[in-house]
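S.K.: Got a sequence here, can you model it:
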Amino acid sequence: GDNGSNGASCEALLPLMQDGDKTQGYGGSMFFVAALWDATMQTVTDKDAATTANTWSGMRVRPQFVEKFFTDPKVVVNKKASEIRAMNVDDRAILWGKGNSDGDRTLEIGANDKFVKGIATPKWNNNYSNGGTPHDSYNVDIDFFLFRVDEAYLNAAEAEMHLNGESSAKAKKYIDAL
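M.R.: Sure, this is the predicted structure:
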């Protein structure tokens, strides 16, 4: 929730500023938090979304995504994000495998008629890194970084290589800057 003021904003060239009090809407970061969560989910540190009044229970990942982290993707079924994180596979495996009042969660999305079909991800949340309180319990404070500094370096390196060849020293400097 405080990525615009906790030092992370140095990554952003073009941030879409969000503030639960002043910039409210269903686009930007709000979409990711609300669409990814239901009220029973928790982060890898066992916190709720910090916007629990706005959970749409919609997006889930396909089994193929889970397979990027686990040889047997079924190991995440019926596990909380903190339990999956404790498996020490990859910090990017921010997944939620627990069911809810609609039933047990499944690995396959199938008919896509219930949120428990498919594995969820609590990656986006409105918690503050310093333990602070979000401005609103319904709208998010998370700035959405539309264009990041790293992307600019990669684009510049690619352009330099197209202009001056793969051995361009200038392209290497852009990559090294990352």
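S.K.: where along the chain do the helices fall?
M.R.: Assigned by DSSP state H, the helices in the chain fall at 28-36, 63-67, 81-85, 149-164, 169-177.
S.K.: and the third one, what's its mean pLDDT?
M.R.: Along helix 81-85, the predicted local confidence has a mean pLDDT of 96.
S.K.: which residues touch it?
M.R.: Applying CB atoms under 8 Å, 6 or more residues apart in numbering, the contact partners of helix 81-85 are 41-46, 76, 91, 93-97, 122. C-beta here means a position set from N, CA and C on the backbone, and glycine is covered the same way.
S.K.: So W124 sits against L36, correct?
M.R.: Yes - with contacts counted by CB atoms under 8 Å, W124 reaches L36, the gap being 5.6 Å.
S.K.: The residue nearest the centre of the chain and F31, how far apart?
M.R.: With distances taken as CA atoms, centre = their mean, K123 lies nearest the centre of the chain, 3.5 Å away. Counting by CB to CB, to the nearest Å, the separation of K123 from F31 is 13 Å.
S.K.: What of G132?
M.R.: The separation that G132 has from F31, given CB to CB, amounts to 23 Å.
S.K.: more crowded one of those two?
M.R.: Counted by other CB atoms under 10 Å, G132 and F31 do not tie: F31 has more neighbours, with 17 against 14.
S.K.: who's in contact with that one?
M.R.: No contacts exist for F31 under CB under 8 Å, 6+ apart.
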